[in-house]
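1. Have a look; sequence and predicted model below, questions after that.
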Amino acid sequence: MASRASYKIAVIIIVSLIFSPVSAILQNAPSFTGDSLSGSPPAVPYTIKFFIPSTNQIHSDQIMDQINGPDGDVLFATSFGLSTFNGTWRTRHANLDNISRGLMDDYVTAIEFDPNGNLWIGYSGGIQIYNGVYYQVIRDQQLLKDTRIYDIQRWNDDMWVATGQSGLHRYRNGEWTWFQPMSKNGPGFYEIDSMTLDTASNSLLIATENEGLWIVRSPDDPVPFELLAGKDTPHGQMQHVKRDPLGGVYFFNPEKIIHYDTVSGFNDVLTSGDLTPGQITINDVAAGSDGNLNIATDDGIYIWKDGEVYRHLTRFEGLGTSDIVQTINADAKNRVWFATQGYVGYYLEKTSPENQLRIDLVTPTASLIPITLINVTPIKPGLSPAVRISSDSSSLPVYSQIIDPIAHAISVIAQKFGVKIFS
């Protein structure tokens, strides 16, 4: 237990800090666009921008999939609608009266554009294809052996669809092909976690739930399914796959990240212990076109560059009020989008060191999506329950951005005198 004298010292320190100029306490804290917290904000070469899930912005912080649109838009499949960002937000929702003119469910699991620019939208109960005018629904089990859509990937002119426990489907020239699991010369897996293209080798890489890692080197019949790493091998313990825009893919699980390409094979990249001595969980990864590997963890975002940690971002650097980053993705402009509890935002690396760190808190503004109405017979399918996220934005992160660094500074100083202020 700390002595009475230590407590007196701590009280004196705290009182001094409270009545000292705020700029002295916040000399290392991020500045905000508009109203600067200090007269001379530090020169930090990146920007962080936040959006609070609400009716006028993205509607959920649960991001299931993210793709780039043909017009510079960024599309987000979320647990509460399909959101699009192009400087402002717009979100499409389920139309329970007529699913030909709106989404068939608010819980969107996967999205992808086909070669003709049509948007494929996956759900737990089928697929919709949106041609810019109306939505075509595909949920016939003669076409999709399982209507739970886990992932959709365009490969040349084909669309590849991972469905529930029925493995993989291919759509080509108006025809569906089902590659039956465990059949002769078929895939040796039932359930796919994720899949992506290695554009350098034009091959499809697949991470399964329980049957290891696989590669498909050609989309043409007879389609060759090749096991890369069995489930009982170290590499086969990887659970997810993400594309590397510079060639190859990244496989990862909560403790480790490895890289694979068809020339050099598997190469270990890092373990969670390479990021920090403490125990952390790797939740997601996103490789940028700049060569950086962005890693979402329950200890913020780690940026891995040239074999070491290049930057570590937590709530003290402006990630909101939680260090647990659930998902991370990079868009065509190399903005690194991330989601934490209550926030969706992006991090953008600057190329010039004189650029200031900016943390923007975006005020919701009204936006509408024009939808062409199609007169068809209403259909009311059984839909999975949507996860609704509160749109209350009364608790803004500005307060927490001020208080967190102050509390941290007080705690650190007090601990030097043997006093534990905060638990």
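-> Perfect, thanks for sending it. Numbering: from 1, shown residues only.

2. Tell me the helix or strand right after the worst-scoring helix or strand of the chain on mean pLDDT.
-> Between all helices and strands in the chain, the lowest mean by mean pLDDT, DSSP states H and E belongs to helix 22-25, at a mean of 33. Reading on from helix 22-25 to the C-terminus, the next helix or strand found by DSSP states H and E is strand 46-51.

3. Let me know the average pLDDT across whichever helix or strand comes after that next one.
-> Using DSSP H and E, the next helix or strand after strand 46-51 towards the C-terminus is strand 63-68. Per-residue pLDDT over strand 63-68 has a mean of 98.

4. how close does Gly248 sit to Asp306?
-> 17 Å (CB to CB, to the nearest Å). (C-beta placed from N, C-alpha, C; glycine too.)

5. ok, now Asp71?
-> Taking CB to CB, one finds Asp71 at 35 Å from Asp306.

6. what's the answer for Tyr190, then?
-> In terms of CB to CB, Tyr190 sits 39 Å off from Asp306.

7. who's more crowded, the two?
-> Neighbours per residue (other CB atoms under 10 Å) separate Tyr190 from Asp306, with Tyr190 holding more: 16 against 7.

8. and the more buried one, that's in a strand?
-> No - when classified by DSSP: H, G, I helix; E, B strand; the rest coil, Tyr190 is found to be coil rather than part of a strand.

9. which ones are touching it?
-> Gln165, Ser166, Gly167, Pro181, Met182, Thr208, Glu209, Asn210, Glu211 (CB atoms under 8 Å, 6 or more residues apart in numbering).

10. Which among these count as buried?
-> Buried subset of those (neighbour count, 16 or more other CB atoms under 10 Å): Ser166, Gly167, Pro181, Thr208, Glu211.

11. Quick check, the fourth one in contact with Met195.
-> No - with the criterion set as CB atoms under 8 Å, Thr208 and Met195 do not qualify as a contacting pair; they are 9.3 Å apart.

12. Can you get me the start-to-end distance on stretch 302-313?
-> One end of stretch 302-313 to the other measures 6 Å (CA to CA, to the nearest Å).

13. Sorry, slip of the keys, the one I care about is stretch 214-229.
-> First-to-last residue span, stretch 214-229, CA to CA: 7 Å.

14. still on that earlier bit, can you pull the residues that touch both of Thr208 and Met195?
-> Taking CB under 8 Å, 6+ apart as the criterion, Thr208 and Met195 do not both touch any residue.

15. can you pull out the helices in the stretch 201-350 of the chain?
-> Taking DSSP state H, counting those that start in this stretch as the test, the helices found in the stretch 201-350 of the chain are 272-275.

16. Show me the strands in it, by range?
-> 203-208, 213-216, 225-229, 240-243, 249-252, 256-261, 265-271, 282-287, 293-297, 300-305, 308-313, 325-330, 336-340, 343-349 (DSSP state E, counting those that start in this stretch).

17. right, so of those, which gets closest to Arg90?
-> Nearest to Arg90, of all the strands of the stretch 201-350 of the chain, is strand 343-349, at 14.4 Å by CB to CB.

18. buried sites along that closest one?
-> Tyr343, Val344, Gly345, Tyr346, Tyr347, Leu348, Glu349.

19. go on, stretch 177-197?
-> Neighbour-count burial for stretch 177-197 flags 178-179, 181, 186-197 (criterion: 16+ other CB under 10 Å).

20. first to last residue in that stretch, what's the distance?
-> For stretch 177-197, the end-to-end distance is 19 Å (CA to CA).

21. how far is that stretch from where the chain is centred?
-> Relative to its chain's centre, stretch 177-197 lies at 25 Å (CA atoms, centre = their mean, to the nearest Å).

22. and if you look at stretch 164-180?
-> 26 Å.

23. what is the mean pLDDT for it?
-> What stretch 164-180 shows for mean pLDDT is 97.

24. gap between the two ends of that stretch?
-> 12 Å.

25. One more: stretch 115-134?
-> Across stretch 115-134, first to last residue, CA to CA, it's 18 Å.

26. contacting residues for the closest residue to Gly342 other than its chain neighbours?
-> Distance criterion CB to CB, 6 or more residues apart in numbering; nearest residue to Gly342, sequence neighbours excluded, is Asp61 at 6.1 Å. Neighbouring residues of Asp61 by CB under 8 Å, 6+ apart: Pro53, Gln326, Ala339, Thr340, Gln341, Gly342, Tyr343, Val344, Ile389.

27. Do you know the pLDDT at the second one?
-> In the predicted model, Gln326 carries a pLDDT score of 97.

28. show me what contacts Thr340?
-> Applying CB under 8 Å, 6+ apart to Thr340 gives the contacts Asp61, Leu319, Gly320, Thr321, Ser322, Asp323, Ile324, Val325, Gln326.

29. Can you tell me, leaving aside adjacent residues, what's nearest to the third one?
-> Computed as CB to CB, 6+ apart, the closest residue to Gly320 that is not its neighbour in sequence is Tyr343, at 4.1 Å.
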